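Participant: let me see the structure of the following:
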Amino acid sequence: MEFIDSYNLSGLVIGLVTFLIIGLFHPLVIKGEYYFGVKIWWVFAILGLLGCVASIMLDNLILSVMMGVVAFSSFWSIGEVFEQRKRVEKGWFPKRQKPEK
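Facilitator: Below is the predicted model of the structure:
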């Protein structure tokens, strides 16, 4: 962290990590809805709450911001799971076929 602080790279690191976290949540929403349907929303809610707690508890600014980004990306994903269901109904994404017994 000293390197990041000494070269004033905190903003770039936070920006890059935010970009990567948001990019990670996009396929998590798609795959989560595909395999579990909208009932996966509570996992995003718990992850969001854990991220908030971690963000508050961490002393390091960059790590605290990263946890905050994870938290609010998780909260945003709750709504996106329900929107993903609508996109599947429109045929924009494939619907999972239940295996026959």
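Participant: what's the lowest-mean-pLDDT helix or strand in the chain in contact with?
Facilitator: None of the helices or strands of the chain scores lower by mean pLDDT, DSSP states H and E than helix 2-6, at a mean of 84. For helix 2-6, the external contacting residues (C-beta atoms under 8 Å, 6 or more residues apart in numbering) are 9, 10, 13, 62. Every residue, glycine included, has its C-beta placed from N, CA and C.
Participant: likewise stretch 78-97?
Facilitator: 25, 29-30, 32-35, 37-38, 40-41, 44-45, 48.
Participant: try it again with 10 Å
Facilitator: Contact partners of stretch 78-97, identified using C-beta atoms under 10 Å, 6 or more residues apart in numbering, comprise 25-26, 28-45, 47-48, 73, 77.
Participant: only whichever of those residues are buried, select them in PyMOL.
Facilitator: Remark: buried members of the contacts of stretch 78-97, expressed as a PyMOL selection using 16 or more other C-beta atoms under 10 Å:
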select buried, resi 25+28+29+30+32+33+34+40+41+43+44+47+48+73+77
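Participant: from the contacts of helix 2-6, list the buried ones, please.
Facilitator: In the contacts of helix 2-6, burial by neighbour count holds for residue 62, counting by 16+ other C-beta under 10 Å.
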